[in-house]
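Participant: the sequence isn't on hand, but the structure is:
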C-alpha cells in the first residue's frame, strides 16, 4: 500500500482550517463549528470556538442512538483479582447516566472539579464519563499516589467531590487507598464536600461519617435514574491531568474537549488503523495521558471496543500476559510502553510465553512513553511478526506528535525514529540561539505555533507558568524540552530530554545514543545512561544495565564488553568507561526511567523520593551499585 501521508500532512499545513473542519465532521455537535481556529483567544489561539458538543454524548449516547447499543464497549480483565466483565454501549451508558445523577445529588455542576483516585476498574471510567456528561472537570490521579502529592493536586483542583476505592491490587500486595486519601485531605487546605468510595472485597475501608459515602449503596438507590448531557463549548475544559513540574509544584495540563475529540477520532483510523467495531488494547493506566486518550476516550469516540486491563506485563501470571489478553479478545492493535516490552524481553528472551496465543487478528504493536530502543523494537518485530510502531507524544499534546500512520499506509521504518510529524505538527530543530539547524544536527525539538487540536491550551490556574514553561524559550514555537534531530528524509529522532544532553569535555552528547548502543548487547534487557560530575571533563557518562533472565556470565565480563561496544558505536569522544549492573531501574508508574534522580544520587546531591516512582527499592539498588563502584 502506498502511503498517503505526505499529501495528508501537506494539506494540514497548507489549509489548516479546512483540514480540521473536515476532521470535525466525525464528531456530533449540538452547534456545528463554522470556524476552525481563532488566533486571538488564549496564549496561541483556540480550536472550534463557536462549536457546542459533549464528550460523553459522543463516546456513548450517539452509538446507542445509532442502534449499536448491544456492541461491546468496555472489556474489563483483571488477572490480579480474577474478575472479567464486558459492558455493552447501552449498559455502560446506563451506568454513566445513573452515576451522573448521583453526582448531581452532591451538587456537582458544569465547571466543578472531581478528583478520581482509583485503580483500573470500570467504575473509574464511569466516573470520568459521568463528569463529562455533566460538564464537570475530572482530574484522575494514579491510585496509590503518595498522600502529600495527592494533597497538592487537591489544593490546586479544589474538587467538590472525590471518587476513590478501598484499595488497589498488585501482583504481590494490596495497596490501601483510603488511609492515603484521608491523610491527603488532612494535609490539604481544601476539603471536598463528599467522598464516594468503592469497597473492593480484597480490602475494605472505614467511612468517615458525614463525608464518605458507599458507591454500591448510592448506585443501588439510583437505579432507573439518569442525567442528561450538558451542552459544552468546544473550548471548555474536559479534564485536568497533572504532570510533575521542575519547581516541585505539579503542572495541571488542561484539555479542552472539542479539539481533543476531533484529534482523537481522526487518530484512531489514520494513525492506529482501527475501525468502528474493532477491539483496541491499550495496556496503560488511566492515571497517565495514554490511558485518558486511548483506553477511555478515543476508542469509544470511534465506536470501537476498548480493553481495561488491571494487571502487569509480567507476573500476572507471566510474560505472556499482554498477548493472552490480545488473543482472548481479538485485539487488532496493542499499545503499550517500551518498558513493558523490555520487561517481557527480560523475563522471556526467547518468547516462549507467547506460544499458544492466537495473534492472527493483531495488525500492529504501538509503543510510546519513552524512547523505543532499536534492539527492543527488533526483538518484538521478530517475535510478533507485525509492524512495531514507535510514536512520540507528551501529556501536554494528548496525542502523537510524531508517528508512522498505519491507517494512511506505513512509511519505511528507521529504527530509532518514531518516523514523521503528524498532521498539524510543524516540527523543526533549533539551536540554543533559536536558529534552524541543518538535517542531522542535534538541537532542540520545537513545534511551530499554533499547536493542532487536542493539545493543551493552558495550565490550570496558571497561564503565566504555561507561557514561561512552553512558549517563551523560543518565541513562536512550543518547546518540547526534547533534544534530537531531523534527517534528510524528514524523519524525527528523539535522542533525550534536553536535561539529559551531557557535556563531555565541550562535546554535547546524547545519552540516548549511548543507550542505543548498550541495548544492542545480546545480554542486556534495559539500560540508562546519565552524566556524572567529572573534575576534568565536566561530565562523564555512566551506564546502568539490567541483564536478561537466564544470563549465566559474570556481570563484570558483560560490563567490559559494553564499554567496548559504546566506544565502537559512539566513539572515544563519549569517554564511556563504566557500566554498572543492577537488578532493576527506578521508573515512574508510566514506565519512564528516573534518570534525573539517578544522576543526583551518583553526584552525591540532595534528592527527594519522586512522587510517581513505581518501586522505591530500585533507588536503593542504584545506591548499592554506586557504593560498590566507589
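Facilitator: In hand now; what should we look at? Only a predicted model underlies this, so the values are computations on that prediction, with no experimental measurement involved. Numbering: from 1, shown residues only.

Participant: helices of the stretch 1-150 of the chain, start to end?
Facilitator: For the stretch 1-150 of the chain, applying DSSP state H, counting those that start in this stretch gives helices covering 5-14, 16-23, 55-56, 62-65, 89-105, 122-134, 147-157.

Participant: could you do the stretch 251-400 of the chain as well?
Facilitator: Under DSSP H, counting those that start in this stretch, the stretch 251-400 of the chain gives helices at 257-270, 289-291, 298-301, 321-329, 338-347, 374-384.

Participant: could you give the mean pLDDT of the last one?
Facilitator: The predicted model assigns helix 374-384 a mean pLDDT of 92.

Participant: same check on the fourth one?
Facilitator: Along helix 321-329, the predicted local confidence has a mean pLDDT of 97.

Participant: any stretches of the chain with poor pLDDT?
Facilitator: 1, 245-248, 498-501, 503, 505-508, 590, 630 (pLDDT under 70).

Participant: can you list the domains in it?
Facilitator: The chain breaks down by automatic domain parsing into domains covering 68-230, 505-629.

Participant: I'd like the helices of the stretch 251-400 of the chain as CSV, with mean neighbour count and distance to residue 6 appended.
Facilitator: (Each C-beta comes from the backbone N, C-alpha and C, glycine too.) CSV is the format used below for those (neighbours: other C-beta atoms under 10 Å; distance: least, C-beta to C-beta, whole Å):
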stretch, mean neighbour count, distance to residue 6
helix 257-270, 26, 14
helix 289-291, 25, 27
helix 298-301, 26, 24
helix 321-329, 21, 31
helix 338-347, 23, 27
helix 374-384, 19, 23
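
Participant: could I get those helices as a markdown table with distance to residue 367?
Facilitator: Supplementary listing: the helices of the stretch 251-400 of the chain in a markdown table, determined by distance: least, C-beta to C-beta, whole Å:
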| stretch | distance to residue 367 |
| --- | --- |
| helix 257-270 | 15 |
| helix 289-291 | 11 |
| helix 298-301 | 17 |
| helix 321-329 | 12 |
| helix 338-347 | 5 |
| helix 374-384 | 7 |
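
Participant: of those, which is nearest residue 405?
Facilitator: helix 257-270 (5.5 Å; C-beta to C-beta).

Participant: and the closest one, what does it pack onto?
Facilitator: helix 16-23, strand 46-47, strand 52-53, helix 55-56, strand 237-243, helix 298-301 (3 or more C-beta pairs under 8 Å, 6 or more residues apart in numbering; DSSP states H and E).

Participant: ok, now with 7 Å
Facilitator: On a contact count with 3 or more C-beta pairs under 7 Å, 6 or more residues apart in numbering; DSSP states H and E, helix 257-270 meets helix 16-23, helix 298-301.

Participant: who's in contact with that helix?
Facilitator: 20, 23-24, 26-27, 47-48, 51, 53, 55, 58, 232, 234-236, 238, 274-275, 293, 297-299, 301-302, 304, 398-400, 405, 407-408, 452-454 (C-beta atoms under 7 Å, 6 or more residues apart in numbering).

Participant: go on, stretch 434-445?
Facilitator: So stretch 434-445 is in contact with 427-432, 474, 479-480, 482-488, 494-495, 498, 508, 510, going by C-beta under 7 Å, 6+ apart.

Participant: from the opening residue of that stretch to its closing one, how far?
Facilitator: Terminal residues of stretch 434-445 are spaced 11 Å apart (C-alpha to C-alpha, to the nearest Å).

Participant: tell me the most buried of the domains of the chain?
Facilitator: Of all the domains of the chain, domain 68-230 has the most neighbours on average by mean count of other C-beta atoms under 10 Å, namely a mean of 19.

Participant: quick check, residue 254 in contact with residue 458.
Facilitator: Yes: shown here, residue 254 and residue 458 form a contact pair, counting by C-beta atoms under 7 Å, at 5.3 Å.

Participant: quick one: closest of the helices of the stretch 251-400 of the chain to residue 149.
Facilitator: It is, among those and with distance given as C-beta to C-beta, helix 289-291, at 17.1 Å.

Participant: quick one: contacts of the closest one?
Facilitator: By C-beta under 7 Å, 6+ apart, helix 289-291 touches 241, 282, 284-285, 368-369, 395, 398.

Participant: hmm, 10 Å instead?
Facilitator: If you take C-beta atoms under 10 Å, 6 or more residues apart in numbering as the criterion, helix 289-291 is touched by 120, 124-125, 140, 142, 239, 241, 243, 253, 255, 282-285, 297, 308, 335-337, 366, 368-369, 393-399, 590-591.

Participant: what's the closest residue to residue 35 other than its chain neighbours in contact with, if anything?
Facilitator: Closest residue to residue 35 apart from its sequence neighbours, by C-beta to C-beta, 6 or more residues apart in numbering: residue 50 at 5.4 Å. Counting by C-beta under 10 Å, 6+ apart, residue 50 touches 29, 31-36, 38, 233-235, 258.

Participant: and the gap between the nearest residue to residue 93 once chain neighbours are set aside and residue 109?
Facilitator: Distance criterion C-beta to C-beta, 6+ apart; nearest residue to residue 93, sequence neighbours excluded, is residue 60 at 4.4 Å. Distance of residue 60 to residue 109, computed by C-beta to C-beta, to the nearest Å: 20 Å.

Participant: and the host helix or strand of residue 195, what does it pack onto?
Facilitator: Residue 195 belongs to strand 194-198 when assigned by DSSP states H and E. Applying 3 or more C-beta pairs under 10 Å, 6 or more residues apart in numbering; DSSP states H and E, one finds that strand 194-198 makes contact with helix 89-105, strand 113-117, helix 122-134, strand 161-165, helix 177-187, strand 212-214, helix 215-221.
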